[in-house]
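Visitor: Dropping a prediction and its sequence here:
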Amino acid sequence: HSLACYPSGFDIYDTCTDPNIAVRNSVYFIATQDSSNCDSDSGHQSIAAVVGPSTSSAAVSVASLFNLFTLPQVSYAATSDILSESRFNYFTRTIPTDTFQARAMAHLANHFGFHTVALLGNDEGAYGVSGVYVFEDEASKHNICIAYKKIFGVSDDRSDFERIVTDLRQIPDVRVIVAFANEAPMNQLLTYFAENNVTGYMWIGSDGWGASKTVLDPKISRVTSGMIGVFPHTETIPKLEDYILSLTPKSLDYQDPFLNEYWQDFFQCHLPGVSEKSVYYYDRKCTGEESFNSSLAFSNTSLVSSVVDSVEVVARAMHKALSCNDVQCDTRSGGIPGEVLIDCMKNVDFMGHSGYRLAPDERGNLAEVAWYDFYNLQPKYPCSNEFHLNIVGHWKEAEVSISNLETIYWPMTDTCTLTTLTPTSVCGETCYPGTRRITLDFSSCCWICVPCSNNHYTNESNALSCSPCSDEQASSEDRTECLDLPYTFTELTSEIGLAVLATAIIGWLICVIIIVIFMLKENTTIIFHAFARSWKFVLLGITITFVTATLSIIPASELTCLIVAGTQLLPVSVTEGSLILAAYSTYNRKHVQLNNWALSMIAVLFVHGQCILIWMLTSRPVVTKTVDRDQRLVYVDCVSSGSYDGIIVIIAFCITLDVIGIFVSFNIRNRDKNFQEGKFIFFSFIIQVMGWVTILVIYLVLPKGRHYRTFVLSFGLMFSSVANLGCLFVPKLYVVKCKPDINPPIKKRYRDKLWQWKFKRRDGEDEVSAEARFGESVRSHAARSAILNNYRKALAAIRDETAQAIRMYGICTDRIDDMKLRHRSKMEEVSMTTNSIKSSRVQLVLSSPSIEVTYC
């Protein structure tokens, strides 16, 4: 009724969803400005506005042309956001934009928990590509990950579709595909899917292809069964529907080409005399008795109400532009200017037949929040190969509403199997606490679950990273929490502690036994002159070394760290200093006196003490906690607080003493005095140098704070003591036990001279003369001992030679007796042979038988 008093008409052109055809037809009717369906008698047939086209690509193609000719345009199905740009001033529409549709699709995926999807779109910039971009942006807001994205088009061949299938099969757990595309490229893709039996996917389709007839085809429906299509909300118009249902081609004398084509396509038959092409497509002939069924002929996705709304927008705008009333309109000779009409079209405000309030904004878009319906592709009845679209919910005001979840048909292998279980779509399993995700290269949505590394944990599912434990903690076996590590000290109950203690006790007992033996045999020559009479000092140092070696098993504390650092290597220095003094005294043919030994020890202790003092002042040892997460322990040990490690310096000092001892004892190594004592001292120093150098290298290589250095040092101390015992005292024990003949007792007169000399020295007697007398006495005793030893060696040699002569005499006598027996045996054989010849008779027979000689 808006233009009841104003003559108007229309022309309808089929774009065939092809932008090129749309542009060609637009140029044609703009150029001709003619309408064959105009009822005006004035002859003026100018075009006021254009309704359509239906696709976004076609609408974008013609919008620039209409903008050039100031021709208003209203579309009932073009949803592209590109048409909202300011360069399309003469465009408006009665349907929401793709932004809302993509948002509705993202909300739908989020509602069903499809947080990992594959995204497909056609390469048409006005619809597919722009819709894909909007969906990506909206999906990111809802933590929906796009595992795979592909843009394709109608120009793609089978190899391109094969690539899509191959890529999808690489992510088999992603079962939801969101497709924002037009009908033509989707038909090609779905056909390829059907030919290759690519089924079981949950499709979420846009309005560009979700309502196409191809989706309902039995071959394609195997692929798309269970699809949920997102379509703009529409309403039925009962009066218009009744009118169309009453139409037949015959009632219009077959003059309506659109009705004829729709009739033939719907009933799969051809009308006689209408089109020769239709005969090729449809073999069956239409009877004319066919009739539309409202539930079959029209779908809620057909946008009929949106088309009606578009026409009404133009009518209301023209009504306002012409200032029409109930009687007449202001007829303008030049028609309605385009800028006036488009302004009126963008300022209409009424409730449309589609359920929207039609009040466009300045860009021609609906100002009201969009409204979309969700249609599910499901079989008409169980075990049927025929499918239909059934509404299952809607999206309005950014909220998803599902009418009944049980009515949704999910993708299944066959239509006889029904389930209410919502399918899952993931590209990686749930990563439980103790594991984390590692994203794969080909998709940010696909991942694998790997356990947290050592000393890291997570108590959350699907964690992207693991948190580190604190310094004195380690992760549990399942990596879900951090546990406090136990402290471990150097203690007696440990295996190494028991080994150190047992070795030290054995060494200490051996030292005690040696001391007892030496005390009992002190008056013998070997013991009395051992190490220039300094064997007590040497043996005391060795014994104390075994004791200090056990200090390492004392639990670390501030006090014990200082005690161990100050005393552990001190007995070694004392022992080696005593041996150096003994070697020097032996070289000078003197005995070690107490005052000389004391002075030497003071010098050694002074240097040793200086090393310790510098250590304490610069980097004193402190209690340090060292975490070993592999062993799941915290070692408590004494470690130098700075870079200066006094132990290394003290070991180097001990090695220096050993080197000095080697040079001092080198000159006495070949002396036979006191059972080659000089040679054993020399060997002892060499073994000490090699041992301490090895220990120093091991000490430097081993890490700090893990008890390794402590135990190595303890075993080094015991090795030093054992080496000294083996080289210095074991040979003397052998002489005492097995060679008593070379270890005679020292006469009391000799000992009295020694004590008397010592006593006179204490009384102030002339020191030089006393020492000379004592030295002469020592040399006399040594000479007598040497003569006695030579006599004993000569006597032993004589005894050996006599025994050998006696053995040779016995051998000769045996040989003579044997020869006599053999001679007697031969004589007896000769005698027996002679007797046998005499007693035998020999007859000799010659050639003449008359001669006979007989011997008797």
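Guide: Now that the structure is in, tell me what you want to look at.

Visitor: C-alpha only now, for contacts and for neighbours.
Guide: Noted.

Visitor: Okay, helices next: where are they in the stretch 1-150 of the chain?
Guide: For the stretch 1-150 of the chain, helices defined by DSSP state H, counting those that start in this stretch occupy the ranges 19-32, 56-68, 98-111, 130-141.

Visitor: Throw these into TSV and include distance to Ser836, thanks.
Guide: Formatted as TSV, the helices of the stretch 1-150 of the chain follow (distance: least, Cα to Cα, whole Å):
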stretch	distance to Ser836
helix 19-32	152
helix 56-68	150
helix 98-111	137
helix 130-141	137
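
Visitor: among those helices, which is the most enclosed?
Guide: helix 98-111 (a mean of 23; mean count of other Cα atoms under 10 Å).

Visitor: Show me what it is in contact with.
Guide: 79-81, 115, 127, 130-132, 134-135, 138-139, 142, 144, 204, 206, 230-232, 370, 372, 395, 398-400 (Cα atoms under 8 Å, 6 or more residues apart in numbering).

Visitor: Can you give me the neighbour number for Ser557?
Guide: When counting by other Cα atoms under 10 Å, one arrives at 17 neighbours for Ser557.

Visitor: again with Arg815
Guide: Arg815 has 11 nearby residues by other Cα under 10 Å.

Visitor: and the helix or strand encompassing it, what other elements does it pack with?
Guide: Here Arg815, judged by DSSP states H and E, is contained in helix 767-839. Packing partners of helix 767-839 (3 or more Cα pairs under 8 Å, 6 or more residues apart in numbering; DSSP states H and E): helix 748-763.

Visitor: same question for the helix it packs on, mean pLDDT?
Guide: Averaging pLDDT along helix 748-763 gives 48.

Visitor: how distant is the helix holding Arg815 from the center of its chain?
Guide: 86 Å (Cα atoms, centre = their mean, to the nearest Å).

Visitor: again with stretch 728-738
Guide: Mean-position distance between stretch 728-738 and its chain equals 64 Å (Cα atoms, centre = their mean).

Visitor: Could you do stretch 365-375 as well?
Guide: Centre to centre, stretch against its chain (Cα atoms, centre = their mean), the figure for stretch 365-375 is 48 Å.

Visitor: Stretch 651-658 too?
Guide: The answer for stretch 651-658 is 49 Å, by Cα atoms, centre = their mean.

Visitor: Ok, stretch 70-81 next?
Guide: 55 Å.

Visitor: what about that stretch, start to end distance?
Guide: Across its full length, stretch 70-81 reaches 21 Å between end residues, using Cα to Cα, to the nearest Å.

Visitor: Can you spell out the domain ranges of the chain, please?
Guide: 19-95+298-355, 98-233+371-407, 237-297, 435-484, 495-722, 747-856 (automatic domain parsing).

Visitor: okay, those domains in TSV with distance to Pro740 next?
Guide: Below are the domains of the chain laid out as TSV (distance: least, Cα to Cα, whole Å):
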stretch	distance to Pro740
domain 19-95+298-355	118
domain 98-233+371-407	93
domain 237-297	131
domain 435-484	64
domain 495-722	9
domain 747-856	12
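
Visitor: Of all these, which one is nearest Gly364?
Guide: Counting by Cα to Cα, Gly364 lies closest to domain 19-95+298-355 out of the domains of the chain; the figure is 3.9 Å.

Visitor: Just the ones in strands from the contacts of helix 98-111, please.
Guide: Judged by DSSP state E, these include 204, 230-232, 372, 395, 399-400 as members of strands.

Visitor: name the element the nearest residue to Leu245 once chain neighbours are set aside belongs to?
Guide: Among residues not flanking Leu245 along the chain, Phe292 sits closest, at 5.8 Å (Cα to Cα, 6 or more residues apart in numbering). Assigned by DSSP H and E, Phe292 falls within no helix or strand.

Visitor: what's the least confident stretch among the domains of the chain?
Guide: Here the domains of the chain differ in mean pLDDT, and the lowest is domain 747-856 at a mean of 65.

Visitor: one step back: which stretch among the helices of the stretch 1-150 of the chain comes nearest Pro172?
Guide: Smallest distance to Pro172 across those (Cα to Cα): 18.2 Å, for helix 98-111.

Visitor: How far does the closest one sit from its chain's centre?
Guide: Here helix 98-111 is found 37 Å from its chain centre; the criterion is Cα atoms, centre = their mean.

Visitor: How about stretch 616-634?
Guide: Offset of stretch 616-634 from its chain centre (Cα atoms, centre = their mean): 30 Å.

Visitor: neighbours of Phe180, just the number please.
Guide: 30.

Visitor: Can you give me the distance of it to Gly205?
Guide: Taken as Cα to Cα, the span from Phe180 to Gly205 is 6 Å.

Visitor: ok, now Cys638?
Guide: Going from Cys638 to Gly205 by Cα to Cα gives 72 Å.

Visitor: Those two: who's more crowded?
Guide: Neighbour count, other Cα under 10 Å: between Cys638 and Gly205, Cys638 has more, with 28 against 25.

Visitor: returning to what we had before: which among the helices of the stretch 1-150 of the chain is found nearest to Leu581?
Guide: Evaluated with Cα to Cα, these place helix 130-141 nearest to Leu581, the distance being 86.9 Å.

Visitor: Now do the closest one against helix 98-111, angle only.
Guide: With axes from the mean of the first three to the mean of the last three Cα atoms, to 10 degrees as the basis, helix 130-141 and helix 98-111 are set at 40 degrees to each other.

Visitor: packing partners for helix 130-141?
Guide: Packing partners of helix 130-141 (3+ Cα pairs under 8 Å, 6+ apart): helix 98-111, strand 116-122.

Visitor: a markdown table for these, including distance to Ile514?
Guide: Listed next are the helices and strands packed on helix 130-141 as a markdown table, based on distance: least, Cα to Cα, whole Å:
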| stretch | distance to Ile514 |
| --- | --- |
| helix 98-111 | 89 |
| strand 116-122 | 84 |
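
Visitor: which residue ranges form the strands in the stretch 251-400 of the chain?
Guide: Applying DSSP state E, counting those that start in this stretch to the stretch 251-400 of the chain gives strands spanning 350-351, 357-358, 371-379, 387-396, 399-402.

Visitor: before we move on, what about the stretch 551-700 of the chain?
Guide: 621-628, 633-640.
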